[in-house]
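S.K.: Using only what follows, build the 3D model:
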Amino acid sequence: MRNAFILLLLLQLLLVIIFISNGSEALNKSEEPEPEPEPEPKPKPKVPVGKGKAKAKAKAKAIPDPDALPPAAENCNGVYISYDFHSRKKEFPHVKNVSAQSWAFNATAMVLNTGREILKQWKLFIKFQHEEILVNVNGGVLFDGQDFPASVGNGTHIVGGSNADLDTSINTANDLNQIQAEILISGTQFGVRTNGIPMPKTINLENHGYKCPPPTTKKSSMWACCKRDTKSKSKEKKTKYLPRQKGDLTIAYDVKQAYDNNYNVEVTMENNNPLGRLDHWNLTWEWTKGEFIYSMKGAFTREIEYSGCVNGVAGQYYKDMDFSKVWNCQKKPIISDMPPEKKNDTQLGQIPYCCRNGTILPTLMDESQSKSVFQMQVFKVPPDMNKTAIFPPEKWKIMGILNPDYQCGPPLRVDPARTPDTRGLDATVIGIASWQIVCNITTSNKRNTRCCVSFSAYYNDSVVPCNTCACGCDDTDHCNPNAKALLLPPEALLIPFQNRTVKTLAWAKLKHFHTPKKLPCGDNCGVSLNWHIASDHKGGWSARITLFNWERTPFQNWFTALQFKRRVGVGFEKVYSFNGTFLRKLNHTVFMQGIEGANYLLGIDNSSNPKVPGKQQSVISFTKKFTPGIKIAKGDGFPSKVFFNGEECSIPTQFPLGNGNPRNNVHLVHPILLLLLPFIFNHILLY
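M.R.: Sure, this is the predicted structure:
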């Protein structure tokens, strides 16, 4: 007990000594600044073995890679196409009607070449369905060359323009700039619900040899992987660029000489349609890189304007250039053909196929006059200051004064032009670069025609005139644009439609025809044709065609073409005052043109009162040998289509009958009779 007590005292003494020593050290250290203690690292949570790597990968995936492609594109072996809707905003005016409310929208389309072959001249179709109106497309151009704003409610084709080939990942080391086309789209759409996502109906790659499945749609994205069609047999020549295409009118843009800051180009327009034609053509396009026309031969710009250069990038770069000698600095110049007297001019002419006052004839009329050529010297602006930086203009358009409407596609890079050596050597000169613009004739119901046809016959006193407003009506306050045209006496065809009212009303009163309170409008056509059945007998029949020119401009080397139903044209025998040809392979067309020396259709004579139109006339004979079953008086003798200088004219919807009354649409008579016969029989039986 005593020993335990002594041991406890010793332990207490030892603790006191340790406490005193520690206190003295603490007092010594308090005189110096004590450093801040370092923060202890947070203890890492214990992770079960095997789950750490998985969480690290999940964290990495959470950070998006801006250059990453969608999974569907990564797994596509062909051409990946997509459409992504981004946003929309209500536009002014704000209306309660949902279908009438307009929305501004933004979207992005993409064409990505993930295959082993170069995709030449990609062409993407987007089937819009909300009455879309595009106001801007960046990264592509509209295939039909429409100006913005462009209505595309039924869909549109977008192409890459002058530089539209997508290379392969193999050839470019996966350079997205060379294998991918990204198209930024902005526009307006209608009929969209407030909380809906307005997507197009479908998208499709319309390049030959590719086949696309129906696209997959998920919320605001739509995509598809298009692959090579193994069943498609391509006969195209394997060349670096596309072969030259076919079309109603083709325009070649052939670069002949190239320098760092400018190049010389030859533009060739060729007519390939047997019924196509241009008179006093006007050609326009849009420069995309700030180019301007320094000089021209074989054609001229309607406006000689250089202020755009002086006040623009060109004026800053070409400080020593005399811009008063520049032809045109407009972004959208209008170009016309030279008159014939400039053909041998050393400064403006001496170009083959130039200087015809803008006339391009069909090949079947004169092959030597079926093309038109002019040359330009084009200057460039930075940054495209090297010999290979050449970009043709886009949005090409061409039209004449009374000709068909042409719709031109984008410039397509084709094989360079090949021409014979001018020094007489047996050699071929290959051009530097060539593009081709293909234009085709279009028929739009929205556009009024510029010529019209009237029908008459020997067995009927009245003339069925041109349709109301056939060539447009601007002032409808004093006439009814929707009423049927009133029948005319034959002599009224020689009077301008503005002065026919008195004769028309007198004729209607004499023949007891109904006349509405508000009379129908005139046709307003510059050129009209009258087709008159002159005779009809067992072995054949004849007609008379008369051409009236109500315009001041005369038509040189005019032509007209007629197409009939039931192969009536097969019986064509002869046209007496014109040159006539039957074109069996062209829808059995009867083609007529003026005889040499009398091939002018003069303009209207303003000195007379009333004014007298320019007029030409001829009789045409037909045989019934090959068409014995036709009935001329029942409508078979009237053409179903009439063309004048390539323009399809408006034709009446009714024709004269032998009983003195016009007949509405012969094809509806038999169905109507079949419907009325049971009613007539029942009526007879009841009474």
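S.K.: how close does the residue nearest the centre of the chain sit to Lys127?
M.R.: Within the chain, the residue whose C-alpha comes closest to the C-alpha centroid is Asp144; the distance, by C-alpha atoms, centre = their mean, is 1.6 Å. When distances are taken as C-beta to C-beta, to the nearest Å, Asp144 and Lys127 turn out to be 15 Å apart. Just so you know, the C-beta spots here come from the backbone N, C-alpha and C atoms, and that holds for glycine as well.
S.K.: now for the strand or helix carrying Ser462, which elements pack on it?
M.R.: Element membership for Ser462, per DSSP states H and E: strand 460-464. Applying 3 or more C-beta pairs under 8 Å, 6 or more residues apart in numbering; DSSP states H and E, one finds that strand 460-464 makes contact with strand 451-457, helix 501-511, strand 654-656, strand 662-664.
S.K.: relative orientation of that strand and strand 451-457 in degrees?
M.R.: For the pair strand 460-464 and strand 451-457, the angle between their directions (axes from the mean of the first three to the mean of the last three C-alpha atoms, to 10 degrees) equals 170 degrees.
S.K.: circling back: can you name the helix or strand that the residue nearest to the centre of the chain falls in?
M.R.: With elements delineated by DSSP H and E, Asp144 resides in a region that no helix or strand encompasses.
S.K.: my read: it touches Gln407, true?
M.R.: Yes: the pair Asp144 and Gln407 qualifies as a contact (C-beta atoms under 8 Å) at a distance of 5.4 Å.
S.K.: Correct me if wrong: Val381 contacts Ala314.
M.R.: Yes: with contact defined as C-beta under 8 Å, Val381 reaches Ala314; the gap is 5.3 Å.
S.K.: overlap in contacts of these two?
M.R.: Common contact partners of Val381 and Ala314 (C-beta atoms under 8 Å, 6 or more residues apart in numbering): Gly290.
S.K.: Give the partner strands of the helix or strand Asp254 falls within in its sheet and their orientations.
M.R.: Under the criterion DSSP H and E, the helix or strand holding Asp254 is strand 249-258. Here strand 249-258 is paired, per DSSP bridges, with strand 262-271 (antiparallel), strand 433-442 (antiparallel).
S.K.: Check the ones you listed for me: which has the lowest mean pLDDT.
M.R.: Least confidently modelled of the strands paired with strand 249-258 is strand 433-442, at a mean of 94 by mean pLDDT.
S.K.: That strand: how far from the chain's middle?
M.R.: Its chain's average C-alpha position is 11 Å from that of strand 433-442, according to C-alpha atoms, centre = their mean, to the nearest Å.
S.K.: Then stretch 156-175?
M.R.: Centre-to-centre, stretch 156-175 and its host chain are 22 Å apart (C-alpha atoms, centre = their mean).
S.K.: got the phi/psi numbers for the closest residue to Lys297 other than its chain neighbours?
M.R.: In this structure, Lys297 finds its nearest non-sequential neighbour in Gln375, 4.8 Å apart by C-beta to C-beta, 6 or more residues apart in numbering. Main-chain dihedrals, Gln375, degrees, to the nearest 10: phi -130, psi 150.
S.K.: list the contacts for Gln375?
M.R.: Under the contact definition (C-beta under 8 Å, 6+ apart), the residues listed for Gln375 are Lys256, Asn264, Val265, Glu266, Val267, Met296, Lys297, Gly298, Ile351.
S.K.: For it, list each beta-bridge partner.
M.R.: Counting by DSSP bridges, Gln375 forms beta bridges with Glu266, Lys297.
S.K.: State the distance from it to Asp254.
M.R.: Going from Gln375 to Asp254 by C-beta to C-beta gives 10 Å.
S.K.: what's the overlap in contacts for the two?
M.R.: Taking C-beta under 8 Å, 6+ apart as the criterion, Gln375 and Asp254 both touch Val265, Glu266, Val267.
S.K.: Most neighbours among these, which one is it?
M.R.: Each of the shared contacts of Gln375 and Asp254 was scored for neighbours by other C-beta atoms under 10 Å, and Val265 scores highest at 24 neighbours.
S.K.: all strands of the stretch 301-450 of the chain, in order?
M.R.: Counting by DSSP state E, counting those that start in this stretch, residue ranges of the strands within the stretch 301-450 of the chain are 334-337, 371-379, 394-399, 405-408, 412-414, 418-420, 428-430, 433-442.
S.K.: can you redo those strands as TSV with distance to Cys525?
M.R.: Shown next, in TSV, are those (distance: least, C-beta to C-beta, whole Å):
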stretch	distance to Cys525
strand 334-337	24
strand 371-379	27
strand 394-399	17
strand 405-408	16
strand 412-414	37
strand 418-420	43
strand 428-430	48
strand 433-442	19
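S.K.: domains in this structure, as residue ranges please.
M.R.: What the record gives for the chain is the domain set 71-228, 249-441, 451-649, from the TED database.
S.K.: Turn these into TSV, columns for distance to Leu242.
M.R.: TSV is the format used below for the domains of the chain (distance: least, C-beta to C-beta, whole Å):
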stretch	distance to Leu242
domain 71-228	6
domain 249-441	5
domain 451-649	27
